[in-house]
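Trainee: Please find the sequence and the predicted model below.
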Amino acid sequence: KFLSFFASEAISKGDLVAFDFSATEPTNGYGNHILICDTGDALNAHGIGVAAEAIASGDVGLVQVAGMCDFAKVDVSESVIGRLLCGGAAAGLLDNFETDQDFGAGGDALPVAISVTEYSDDTAASVVFLLNPANL
C-alpha cells in the first residue's frame, strides 16, 4: 500500500519516515507531512513506512506503509531476520524492536515491519514486510 505525503525535509529512497508533529503545524496540516524517523526527536520518533522514492523538501512523494517492501534501509549490524523492526538509534534506519531497551535504542517505539532479508547498512535494498502501524 502506497500513500502520498509532503516532505518537511529532503528524504532518500528507503528511509524510514514518520509524521511531522513539529510544534508549528505544517503548511498542509498534521498527518500530511513527513520527516525522516528519528528516535532522538519525540515529534517524529515513530515510523509509519518507507520512502518509495527520493523526495525533495516541500515536494509530495510516495511512502509504502504496508506489504512486502524491497527497498528498506535496515541497520543490519543490529537487526535479526524474522524479528520485528522499528526506528532505532540511526535516523531513517529500521532496527530490532526490543521491549527491554530504552526509547531510541529499539524500545518503546512502534513496530513498523518484520525483517525478511538484509542487504547492507544505509542501502535501500533490504526486504521487510511493512505492518502499517498507524493504520493508514
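Mentor: Alright, I've got the coordinates. Residues are numbered from 1 along each chain as shown.
Trainee: Got phi/psi on Ala42?
Mentor: Dihedral pair for Ala42: phi -60, psi -20, per degrees, to the nearest 10.
Trainee: beta partners for Cys86?
Mentor: Bridge pairing for Cys86 (DSSP bridges) gives the partners Asp95.
Trainee: check contacts around it.
Mentor: By Cβ atoms under 8 Å, 6 or more residues apart in numbering, Cys86 lies in contact with 46-47, 94-97, 106, 109-112. Where you see a C-beta, it was placed from the backbone N, CA and C, and this is true even at glycine.
Trainee: can we see that at 7 Å?
Mentor: 47, 95, 97, 106, 109-112 (Cβ atoms under 7 Å, 6 or more residues apart in numbering).
Trainee: Would you format these as JSON lines with distance to Gln64 and pLDDT included?
Mentor: As requested, the contacts of Cys86 are exported to JSON lines (distance: Cβ to Cβ, whole Å; pLDDT from 0 to 100):
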{"residue": "Gly47", "distance to Gln64": "12", "pLDDT": "94"}
{"residue": "Asp95", "distance to Gln64": "18", "pLDDT": "88"}
{"residue": "Phe97", "distance to Gln64": "19", "pLDDT": "85"}
{"residue": "Gly106", "distance to Gln64": "22", "pLDDT": "52"}
{"residue": "Ala109", "distance to Gln64": "18", "pLDDT": "76"}
{"residue": "Leu110", "distance to Gln64": "16", "pLDDT": "83"}
{"residue": "Pro111", "distance to Gln64": "16", "pLDDT": "91"}
{"residue": "Val112", "distance to Gln64": "11", "pLDDT": "95"}
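Trainee: Keep only those of the residues you listed that are in strands.
Mentor: Among the contacts of Cys86, the members falling in strands (DSSP state E) are 47, 95.
Trainee: between the contacts of Cys86, which has the most around it?
Mentor: Gly47 (34 neighbours; other Cβ atoms under 10 Å).
Trainee: Distance of that one relative to Asn132?
Mentor: Separation of Gly47 from Asn132 (Cβ to Cβ, to the nearest Å): 11 Å.
Trainee: cool, and Asp15?
Mentor: For Asp15, the distance to Asn132 equals 17 Å [Cβ to Cβ].
Trainee: Grab the most central residue of the protein for me.
Mentor: Central residue of the chain (Cα atoms, centre = their mean): Leu16, 2.1 Å from the mean position.
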